[in-house]
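Starting from these lines, generate the structure:
(one chain, ligands or ions: 1)
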Amino acid sequence: MRILIVEDEKEITDGIKAILEKEGYSTDVAYDGKKGLECIENNIYDLVLLDIMLPYMSGIEILKEIREEEIQTPVILLTAKSQIDDKITGLDAGADDYMTKPFDAGELLARVRARVRNNADVKKSIIYAYDISLDISTYKLSFGDKSVKLSKTEYQLLEYLMLNKGQVLSKDMILDKVWGYETDSEYNNLEVYITFLRKKFAFLNTKTSIVNKKGIGYSLVSGEN
Ligand code: CA
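Below is the predicted model:
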């Protein structure tokens, strides 16, 4: 679970970061609106905590922009008490929830959990793509009556490919999503895991495959193409 915090007051981001990381969430921080939008557009986050008053671009502007781009990442707006009108505008613009500053750790975690749970309910316990299926709780990859267990990294990588089947995912996007935004992992590492997955596909004898698209990135496809 990776959460982006977009907020320009360092004291607040430090506080939120500490609370969330203690609960086992991974976090990234953007300190201004432009950077925030850029991060959200990477589409690697499970949740965004978005302040309204930000340098360069307001939280409301960001929200309108990403919803227009059909990025559906859940957003919780962080508002000051005086910004009650913004709160309504924000919900209209596609925010999922809002919190009034200052808030305590308990309230923050309750809101985050509610959002994450809502999302998990929608998520099926098994993901299907072409002729393969992936169990999200046991990490078991299956084709027909054969199955094989994946490691956590293999699972995260394949889940991302399956949820975006047929699309080319750039190496940078995959590294950000699977290894994290500030990762030191290199392309080599990704290639190693692609090889692991291909071996498992071969073992299962599935027609689904991972293809390398001209050095740009990888795509999960059906058949030989
Ligand atoms: Ca602010």
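
and the residue of the chain nearest the ion?
Met53 (4.0 Å; C-beta to the ion). For the C-beta atoms, the positions are set from N, CA and C on the backbone; glycine is no exception.

Is that residue in a helix, a strand, or coil?
Secondary structure state of Met53, per DSSP: H, G, I helix; E, B strand; the rest coil, is coil.

Would you agree it is in contact with Gly59?
Yes: contact criterion C-beta atoms under 8 Å: Met53 and Gly59 qualify, at 7.4 Å.

so where does Lys35 fall, helix or strand?
Element membership for Lys35, per DSSP states H and E: helix 33-41.

Kindly export that helix (C-alpha atoms) in CSV.
In CSV, the C-alpha atoms belonging to helix 33-41 read as follows (Å, rounded to 0.1, in the frame of the first residue of the first chain):
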residue,chain,number,x,y,z
GLY,A,33,1.2,21.3,-6.5
LYS,A,34,3.1,20.8,-9.7
LYS,A,35,5.2,18.0,-8.2
GLY,A,36,2.1,16.5,-6.6
LEU,A,37,0.3,16.3,-10.0
GLU,A,38,3.4,14.8,-11.6
CYS,A,39,3.5,12.1,-8.9
ILE,A,40,-0.2,11.3,-9.1
GLU,A,41,0.0,11.0,-12.9
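
If we go by neighbour counts, what in it is buried?
Gly33, Lys35, Gly36, Leu37, Cys39, Ile40 (16 or more other C-beta atoms under 10 Å).

What separation is there between the closest residue to Gly24 other than its chain neighbours and Leu134?
Nearest residue to Gly24 in three dimensions, chain neighbours excluded: Met1, at 7.7 Å (C-beta to C-beta, 6 or more residues apart in numbering). Using C-beta to C-beta, to the nearest Å, one obtains 18 Å as the distance from Met1 to Leu134.

List of residues touching whichever helix or strand Leu20 is part of?
Here Leu20 sits within helix 10-22, counting by DSSP H and E. Outside helix 10-22, the residues within contact range by C-beta atoms under 8 Å, 6 or more residues apart in numbering are 3, 5, 7, 27, 29, 31, 49, 51, 78, 101, 105, 108-109, 112.
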